[in-house]
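Chemist: Just a sequence and a predicted model for now, questions to come.
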Amino acid sequence: MKGLTLKVVRTNKTKKLLQSGQVVIGAAIASPAPEFVELAAVAGFDFVTLDAEHEPLDDWQLANLIRAADAFDITPIVRVPKDPDRLLRLLDIGAQGVHVPRCSSVTDMRQLAKATRFYPLGERTFYRLGRGGNFNRGLTDDEWSRQSNEELLVIAMIEEASALDQLEAMLEVPGVDSVHIGPKDLWQSLGMPSAEMVDKAISKIATAVRAAGKQLSLQLQGFDSVDRQIERHRALGANMITAPLIGLLAREGEALVQKIRRNLHGT
């Protein structure tokens, strides 16, 4: 019986859509349940962002979430703190994208590229024995490292005031594909000023990101003003939009409960 032959580096469908100028939509998942990943795929989302920054998801749980994404053909992106060792493990597991918070300097951007890219863009440790490398079967080392660089989607999160004066230099660092703006932490870092001041800072970041030829990523902040948020995101030039799956479930669940109660009680 012949061994199973697989293409070592899967095509990153989300990155390909972005490169063709399309908008991609993702679901932020803060649960170890693979069913949430599968539901996001069935619902038509392009990617899932697995949030291990704020939630206690361990690497084994993330591995199973990534497997679910592979099975349902949706792009798995891991959101984890700036930890080169953990980023390496998750890439070796098969993550197709990384979403790293608190990138506030040129050094942060360089370290992110260094940890996640192979030569010539970085110094990612070479390892192909895991599932991310198809257990060392298929492509040559040269082909695998080159295609891994091409298919990986690297997202740096800008959410601190200290980045505002360094934007141009930060965005010149190669190996970072997209910038995600974190409005709540940016607001806090600015000293919790008026919404108008925060909007100005967000607009400054978005303008710099577009000028640098990077992708712009934003997340819906709740679901009470979705139309206004989408209009604002579009005006900023965002082409990656993420919706928190738990928030969506809570909102739709509450609406359904209220509807059933009104119908049952005739009010």
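Modeler: Right, received. Where do you want to start?
Chemist: following the host helix or strand of Glu150, which helix or strand comes up?
Modeler: Assessed by DSSP states H and E, Glu150 sits inside helix 141-151. Once helix 141-151 ends, the next helix or strand along the chain (criterion: DSSP H and E) is strand 153-158.
Chemist: contact partners of that next one?
Modeler: Contacting residues not belonging to strand 153-158 are listed as 12, 14-15, 18, 75, 77, 96-104, 108-109, 112-113, 116-117, 167, 170, 175-182, 186, 205, 217, 240 [CB atoms under 8 Å, 6 or more residues apart in numbering]. For glycine as for every other residue, the C-beta is placed from the backbone atoms N, C-alpha and C.
Chemist: now do 7 Å
Modeler: Applying CB atoms under 7 Å, 6 or more residues apart in numbering, the external contacts of strand 153-158 come out as 12, 14-15, 77, 96-103, 109, 112-113, 116, 175-182, 205, 217.
Chemist: Tell me which other helices or strands the helix or strand just after it touches.
Modeler: Sequence-wise, the next helix or strand beyond strand 153-158 is helix 167-171, with elements assigned using DSSP H and E. Using 3 or more CB pairs under 7 Å, 6 or more residues apart in numbering; DSSP states H and E as the contact test, the elements touching helix 167-171 are helix 106-116, helix 195-211.
Chemist: Output the helix or strand of the chain with the lowest mean pLDDT as PDB, restricted to C-alpha atoms.
Modeler: Sorted by mean pLDDT, DSSP states H and E, the helices and strands of the chain end with helix 245-265, the least confident at a mean of 85. Backbone C-alpha positions of helix 245-265 (Å, rounded to 0.1, in the frame of the first residue of the first chain) are rendered in PDB as follows:
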ATOM      1  CA  LEU A 245     -18.500  34.500  18.200                       C
ATOM      2  CA  ILE A 246     -19.400  34.500  21.900                       C
ATOM      3  CA  GLY A 247     -20.900  38.000  21.600                       C
ATOM      4  CA  LEU A 248     -22.800  37.000  18.500                       C
ATOM      5  CA  LEU A 249     -24.200  34.000  20.400                       C
ATOM      6  CA  ALA A 250     -25.100  36.100  23.400                       C
ATOM      7  CA  ARG A 251     -26.900  38.700  21.300                       C
ATOM      8  CA  GLU A 252     -28.800  36.300  19.100                       C
ATOM      9  CA  GLY A 253     -29.600  34.100  22.100                       C
ATOM     10  CA  GLU A 254     -31.000  37.000  24.100                       C
ATOM     11  CA  ALA A 255     -33.100  38.100  21.100                       C
ATOM     12  CA  LEU A 256     -34.500  34.600  20.600                       C
ATOM     13  CA  VAL A 257     -35.400  34.200  24.300                       C
ATOM     14  CA  GLN A 258     -37.200  37.600  24.300                       C
ATOM     15  CA  LYS A 259     -39.100  36.700  21.200                       C
ATOM     16  CA  ILE A 260     -40.200  33.300  22.600                       C
ATOM     17  CA  ARG A 261     -41.300  34.900  25.900                       C
ATOM     18  CA  ARG A 262     -43.300  37.600  24.000                       C
ATOM     19  CA  ASN A 263     -45.000  35.000  21.900                       C
ATOM     20  CA  LEU A 264     -45.700  32.700  24.900                       C
ATOM     21  CA  HIS A 265     -47.200  35.500  26.900                       C
END
